[in-house]
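Participant: Here you go, sequence then predicted model.
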Amino acid sequence: MAKELKDLTKRSEDYSKWYNELVVKADLAEQSAVRGCMVIKPYGYAIWEKMQQTLDKMFKETGVQNAYFPLLIPKSYLCREAEHVEGFAKECAIVTHYRLKNDPDGKGVVVDPAARLEEELIIRPTSETIIWGTFKNWIHSYRDLPLLINQWANVMRWEMRTRMFLRTSEFLWQEGHCAHATAEESEKRTVQMINLYADFVENYMAIPVIKGVKTANERFAGAINTYTIEAMMQDGKALQSGTSHNLGQNFAKAFDVTFMNKENKPESVWANSWGVSTRLMGALIMTHSDDNGLVLPPHLAPIQVVIVPIYKNNAQLEEISKAVAPIVEKLKKLGVSVKYDDADNKRPGFKFADYELKGVPIRLALGARDLENGTIEMMRRDTLEKQTLPIEGIAEKVAAELEDIQNSLYQRALKLRNDRTYKVDSYDEFKEKIEDGGFFLCHWDGTAETEEKIKEDTKATIRCIPLGGEEEEGVCMVTGKPSKRRVIIARSY
RNA sequence: CGGGGUGUAGCACAGUUGGUUAGCGCGCUACGUUCGGGACGUAGAGGUCGGGCGUUCGAGUCGCCUCACCCCGACCA
């Protein structure tokens, strides 16, 4: 599929179709009857759960605690921070009534007009407002700080156009909300979390990312600074995979959250928020998939190894099962999640294809021929290479191979990104090359006008100003004005 | 909200200038043979043709309206 991908991107209708089919065929999710929403199926959810557990553990190691806040936000809360409302107003679902009644004309039920809410409630597009409304009651002294809270929740944004996992009306995510006594501490936390995300995405999802700062245009509504991790998909488009926002004192002031500092003076608290969503699932699919379906990095695969028996009758199956049992046990001892699929209702060929579609990293197949020879067949999902190996020591071999797959998936994605990252200084060259996708390292004069012009001309946006990028004197490729460093420009999802 | 497209079985589709009882493939059920890369045979079940109104002796097919979904733009994790 990787080969086809390039051609398909030229016609995004086909590419969307490919993507949707893959999601459905790999049994991850399907479109729901509700506009723009999706049903995440057990297999897809198992992957999300694994991501959730891993992230949750990482958060807690930095002192973050989980909590839960209401789904519904009073309209007045959302209006408190001016930029914030403006950012989300266009995509909110609103609760206006609290009761239905039988239709007087006898056709089912209708909204009871008498049950109109005095104040409308907004289904959260994000929880800053309700959380800061609550934090006001929790924070009084510098001794209450820092307050490090995370919430696992669903949010709703009434998007015009949706695509499974990448942009759905309802999506699952975590949103961290921290309150600090000083600006420095809050900034430090903001950066810490973007680093944590990068660590997770690279080491568990095997997706290389570029850490950077968003331009003012692309910043979160109400933030003074937004950090981002940007990944490149196989078609050369960028995907914003996680963000961490330094909110300054904006929300504290809007919600009147003050504390007595060490000098016994009232001060507004310093805030940040950070989040990743089920969009990461989309990144996973679009980064690693190939002709035969999904490819899962072992660190996230719900099933790391599947064992398929090949048999002609029950007696043979019994023999094989006997040989498989110790392998399963050994793998489990090594911490490998393994499934022995002895289901009788599917033929081996079907199972092979099916587990490939689902991205299971390693498949072991054992038949009568192997039993005679004391061998077993191992196939790697990433390379599709098959090897016949001695049963002796297979568990250790598999465990090592899993690590190798994890690593080579990352390396493969990194190579793809490097191969499609270009330093460009001429706007004409940029306009030509952007058509084929990729990341472009370019000089930019730092103005919103230039940024807007690039977007209008090419549909590409400044993804970020990379962190740790070397200073380099240059001139803006559009205006010729001086620039101190290169930024990353790309088309994105 | 603008432009384009599609609605026919669980899925994916065909259905001629309007003509009798609406079809193919996949999937599903039963039985048998199979089982080392998505098996095959035989028999079966499954449809308010998205909805409404109209034209007509007759509408899946023509006209109008409406709804839903998909794609392209604007918006976005």
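Facilitator: Right, received. Where do you want to start?

Participant: Tell me how many other residues surround the closest residue to residue A:348 other than its chain neighbours.
Facilitator: Counting by CB to CB, 6 or more residues apart in numbering, residue A:348 lies nearest to residue A:310, which is 4.8 Å off, once chain neighbours are set aside. The C-beta positions use only the backbone N, C-alpha and C, and glycine is treated the same way. Other residues within reach of residue A:310, judged by other CB atoms under 10 Å, total 19.

Participant: ditto for residue A:17
Facilitator: 12.

Participant: What average pLDDT does the helix ranked longest in chain A get?
Facilitator: Counting by DSSP state H, the longest helix found in chain A is helix A:394-419. The average pLDDT within helix A:394-419 is 97.

Participant: before we move on, what about stretch A:346-359?
Facilitator: Here stretch A:346-359 scores 92 as its mean pLDDT.

Participant: Using PDB, list the CA coordinates for it.
Facilitator: What follows is stretch A:346-359, C-alpha atoms only, in PDB (Å, rounded to 0.1, in the frame of the first residue of the first chain):
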ATOM      1  CA  LYS A 346     -11.600 -20.400  10.000                       C
ATOM      2  CA  ARG A 347      -9.000 -21.900   7.700                       C
ATOM      3  CA  PRO A 348      -5.300 -21.000   8.200                       C
ATOM      4  CA  GLY A 349      -5.000 -18.900   5.100                       C
ATOM      5  CA  PHE A 350      -7.900 -16.800   6.300                       C
ATOM      6  CA  LYS A 351      -6.400 -16.400   9.700                       C
ATOM      7  CA  PHE A 352      -3.000 -15.300   8.100                       C
ATOM      8  CA  ALA A 353      -4.700 -12.600   6.100                       C
ATOM      9  CA  ASP A 354      -6.900 -11.500   8.900                       C
ATOM     10  CA  TYR A 355      -4.100 -11.100  11.500                       C
ATOM     11  CA  GLU A 356      -2.000  -9.200   8.900                       C
ATOM     12  CA  LEU A 357      -4.900  -6.900   8.300                       C
ATOM     13  CA  LYS A 358      -5.100  -6.300  12.100                       C
ATOM     14  CA  GLY A 359      -1.400  -5.600  12.300                       C
END
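
Participant: and the closest residue to residue A:172 other than its chain neighbours, what does it touch?
Facilitator: Nearest residue to residue A:172, sequence neighbours excluded (CB to CB, 6+ apart): residue A:278, at 4.8 Å. By CB atoms under 8 Å, 6 or more residues apart in numbering, residue A:278 lies in contact with A:40, A:48, A:165, A:168, A:171, A:172, A:173.

Participant: Show the model's pLDDT score for residue A:278.
Facilitator: pLDDT at residue A:278 comes out at 93.

Participant: correct me, but residue A:299 touches residue A:203?
Facilitator: Yes - using CB atoms under 8 Å, residue A:299 is in contact with residue A:203, at 7.1 Å.

Participant: who does the helix or strand containing residue A:176 pair up with?
Facilitator: Element membership for residue A:176, per DSSP states H and E: strand A:170-180. Using DSSP bridges, the strands paired with strand A:170-180 are strand A:147-156 (antiparallel), strand A:270-277 (antiparallel).

Participant: Indicate which one of the ones you listed is closest to RNA strand B.
Facilitator: RNA strand B sits nearest to strand A:270-277 of all the strands paired with strand A:170-180, at 4.2 Å, using CB to the nearest atom of the strand.
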